[in-house]
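Chemist: 3D, please:
(one chain, ligands or ions: 3)
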Amino acid sequence: MALSAQEILNNPFLNKNTAFTKEERKAFNLEGVLPPTVRTIEEQAVQVYGQYQSKPTDLEKRIFLMNLFNTNRTLFYHLMSEHVVEFMPIVYDPTVADSIEQYNELFLKPQDAAFLSIDEPENLEATLKNAAGGRDIRLIVVTDSEGILGIGDWGVNGVDIAIGKLMVYTAAAGVNPAQVLPVVIDAGTNNEKLLNDPLYLGNRHKRVRGAEYYDFIDQFVKTSVKLFPEALLHWEDFGRSNAATILEKYQDKITTFNDDIQGTGIVVLAGLLGAMNISKEKLTDQRVLIFGAGTAGVGISNQILDELKRQGLSEEEAKSHFFLVDKQGLLFSDTPDLTPGQKAFVRQRSEFKNSEELTSLEAVVKAVHPTIMIGTSTQPGAFKESIIKEMAAHADRPVIFPLSNPTKLAEAKAEDLIAWTDGKALVATGIPAAPVEFKGVTYEIGQANNALMYPGLGFGIIASTAKRVNGEMLSQAAHALGGIVDTTQPGAAVLPPVAKLTEFSQTIAEVVGQSVLDQKLNKEAITDIKQAVVDMKWEPKYTELSLG
Ligand SMILES: NC(=O)c1ccc[n+]([C@@H]2O[C@H](COP(=O)([O-])OP(=O)(O)OC[C@H]3O[C@@H](n4cnc5c(N)ncnc54)[C@H](O)[C@@H]3O)[C@@H](O)[C@H]2O)c1
Ligand SMILES: O=C(O)C[C@H](O)C(=O)O
Ligand SMILES: [Mn+2]
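Modeler: Ligands and ions are numbered 1, 2, ... in the order given. Prediction:
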């Protein structure tokens, strides 16, 4: 049945707005429903970019871009491809955090997401089908919003992180936006502010835990695999008590990864490899302090551990390089309330004369003299001057990555770290940071955000039709990105710039895809991975409308 003009114009995948040609207008009942001038996508981009620039705040810029996304997905991605550095912090982190916090006030459209309610398990399959609308889904980003960035539990509002992550997948790697599905699992929320907010749109009860929660997750996984057998399942921003448990349960059964654990692990490892290239030091000589040993902190530790073992250290030797610090202080074998992930990295009290005193970051830094310090604690300003100076007094090139997001939660600012260490620190931050001018040198600051990794990783997995995601692929991805640093410039960044996101996402996709083929983990026969990546890559260009 022919679509009406309204059905075409209201479909963001079909809509070209003023770019519909005279022939298309004639053939598809679009005559007279648009102003007469036919525009090219380039002309449309100039016009909408002008509107974008007129918006006074980042949140208003984001709302404008989401409207464009909802109206005309091709034009949105065309525009984003021209302004990727400028748009990343608007559609994604940090502005996505504002949109999540104000989701109820701002709500206009569900943005093709699937809203799975734990109160209605009988509707799970229908929900996924309805949201997919018959599309061939290859990539699902799912969140239950218990640990949104570092801002905590945001209930149904967290759907925006799934949508934002998927926008980056398309902009960075070229995942076809018609083949993605954002999913939020609404298991309730423990955020009192939301529970008491009359505008809140999610289930108005505390989080469901235990067997009922895990049964629902299991039903979601099974139904997704049944409906979308080709899809990669990407887990995002689950709470500390669930994220690793879910990954461990499914990673050997389906094609899946957890971005906060593995995406973060490999971007940090890549940054460390870049830092070692610059300092000419060895990773096997470093002492690694992780501040905030939660989902990301333990994920990062495991990825570095894997690398140390690949570089020849035994498991035991490799573990002796780690010092994990959480709320309790340095984590010891007898520390109460350890998570399963933390237990693998604990120290013995007998190693220290003053183990009882090692309850603060400051005391631990004094005691262990870390050469690498990574912040995933959600504690703003925790990397304070006295601590950084103490670290720098015992390291030639201290490597310091304050990674907590969004901006307001970062453990330190790049400019302070450079100044406090007299330019010695090798710094990367979670959110974009401007270059720092210090004593005549321009220090470029790498962005150690999993967004540099997961698009290429995910695209490589999909393009190679991988059955599983495993450690070998992750290691290859980290090395592919870790190799791209310019060591000749003083002040060079430890990671490549976001301006090159599309280029290196393609490299990562190829390397990951090749690893899949080398391990014979591809479902379909593929001989040339580069070609498979090219063939799968979606470009934001209009194609001739055909509704056959
Ligand atoms: N840059 C990136 O790519 C990236 C990726 C993932 C997470 N993150 C950021 O890392 C942070 C943590 O995320 P997560 O998913 O691991 O959360 P999480 O809740 O699993 O972990 C946070 C950990 O910090 C600990 N913590 C809290 N207060 C502390 C204190 N005062 N001292 C020491 N430890 C403390 C918590 O006990 C917990 O173990 C967030 O801000 C998130 O945005 C960044
Ligand atoms: O979303 C981000 O910016 C990175 C990461 O996944 C996070 O949870 O902070
Ligand atoms: Mn995350």
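Chemist: which residues does Leu283 contact?
Modeler: When contacts are counted by CB atoms under 8 Å, 6 or more residues apart in numbering, Leu283 touches 272-273, 276, 304, 307-308, 311. Where you see a C-beta, it was placed from the backbone N, CA and C, and this is true even at glycine.
Chemist: if you set the cut-off to 6 Å instead, what comes out?
Modeler: The contact partners of Leu283, by CB atoms under 6 Å, 6 or more residues apart in numbering, come to Met276.
Chemist: Just the pLDDT for it.
Modeler: pLDDT, Leu283: 98.
Chemist: go on, Thr487?
Modeler: 82.
Chemist: So it sits against Ser279, correct?
Modeler: No. Thr487 is not in contact with Ser279 according to CB atoms under 6 Å; the separation is 9.3 Å.
Chemist: ok, those two, which is more surrounded?
Modeler: The neighbour comparison of Thr487 against Ser279 (other CB atoms under 10 Å) goes to Ser279, with 19 against 10.
Chemist: Compute the number of surrounding residues for the nearest residue to the more buried one once chain neighbours are set aside.
Modeler: Closest residue in space to Ser279, ignoring its immediate chain neighbours: Arg397 at 4.0 Å, by CB to CB, 6 or more residues apart in numbering. When neighbours are defined as other CB under 10 Å, Arg397 has 19 of them.
Chemist: show me what contacts Glu510?
Modeler: 529-530, 533.
Chemist: what is the closest residue to Ala113 other than its chain neighbours paired to in the beta sheet?
Modeler: Nearest non-adjacent residue to Ala113, counting by CB to CB, 6+ apart: Pro182, 4.3 Å away. According to DSSP bridges, the residues that bridge with Pro182 are Val141.
Chemist: from now on call the first residue 5
Modeler: Yes, from this point I'll number from 5; that puts the last item at Pro186.
Chemist: Just confirm Pro186 contacts Ala166, I think it does.
Modeler: Yes. The pair Pro186 and Ala166 qualifies as a contact (CB under 6 Å) at a distance of 3.6 Å.
Chemist: what does this protein have sitting close to ligand 2?
Modeler: 97, 153, 241, 263-264, 409, 453-454 (CB under 6 Å from any ligand atom).
Chemist: quick one: buried residues of stretch 425-445?
Modeler: By neighbour count on 16 or more other CB atoms under 10 Å, the buried set for stretch 425-445 is 425, 427-437, 440.
Chemist: Name the residues that touch that stretch?
Modeler: Contacts for stretch 425-445 (CB under 6 Å, 6+ apart): 93, 97-98, 275, 279, 396, 401-407, 409, 411, 418-419, 421-422, 446-453, 494-495, 498-499.
Chemist: If any of those residues are buried, give me the PyMOL selection for them.
Modeler: Buried residues among the contacts of stretch 425-445 (16+ other CB under 10 Å), as a PyMOL selection:
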select buried, resi 93+97+98+275+279+396+401+402+403+404+405+406+407+409+411+418+419+421+422+447+448+449+450+451+452+453+495+498+499
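Chemist: buried sites along stretch 312-331?
Modeler: Those would be 312, 317, 322-323, 325-330, for stretch 312-331 by 16+ other CB under 10 Å.
Chemist: Then stretch 236-248?
Modeler: Buried residues in stretch 236-248 (16+ other CB under 10 Å): 236-244, 246-248.
Chemist: quick one: which of those residues sit in helices?
Modeler: Applying DSSP state H to the buried residues of stretch 236-248, the entries found in helices are 244, 246-248.
Chemist: show me which of those residues neighbour ligand 3.
Modeler: With the criterion set as CB under 5 Å from the ion, no member of these is near ligand 3.
Chemist: just the residues you listed now: which is nearest ligand 2?
Modeler: The shortest approach to ligand 2 among these belongs to Ala247, at 10.4 Å (CB to the nearest ligand atom).
Chemist: quick one, what contacts the closest residue to the closest one other than its chain neighbours?
Modeler: Leaving aside its sequence neighbours, Ala247 sits nearest to Thr299 (CB to CB, 6+ apart; 4.5 Å). By CB under 6 Å, 6+ apart, the contact set of Thr299 is 244, 247, 264-265.
Chemist: re the thing from before, can you list the ones in helices among the buried residues of stretch 236-248 in a markdown table and add pLDDT?
Modeler: Listed next are those as a markdown table, based on pLDDT from 0 to 100:
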| residue | pLDDT |
| --- | --- |
| Arg244 | 98 |
| Asn246 | 98 |
| Ala247 | 98 |
| Ala248 | 98 |
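Chemist: of these, closest to Ala467?
Modeler: The closest of those to Ala467 turns out to be Ala247 (CB to CB; 26.1 Å).
Chemist: how close does the closest one get to Asp148?
Modeler: 10 Å (CB to CB, to the nearest Å).
Chemist: ok, the residue lying closest to Val520 once chain neighbours are set aside - contacts?
Modeler: Among residues not flanking Val520 along the chain, Ser468 sits closest, at 3.9 Å (CB to CB, 6+ apart). For Ser468, the contacting residues are 517, 520, 526, by CB under 6 Å, 6+ apart.
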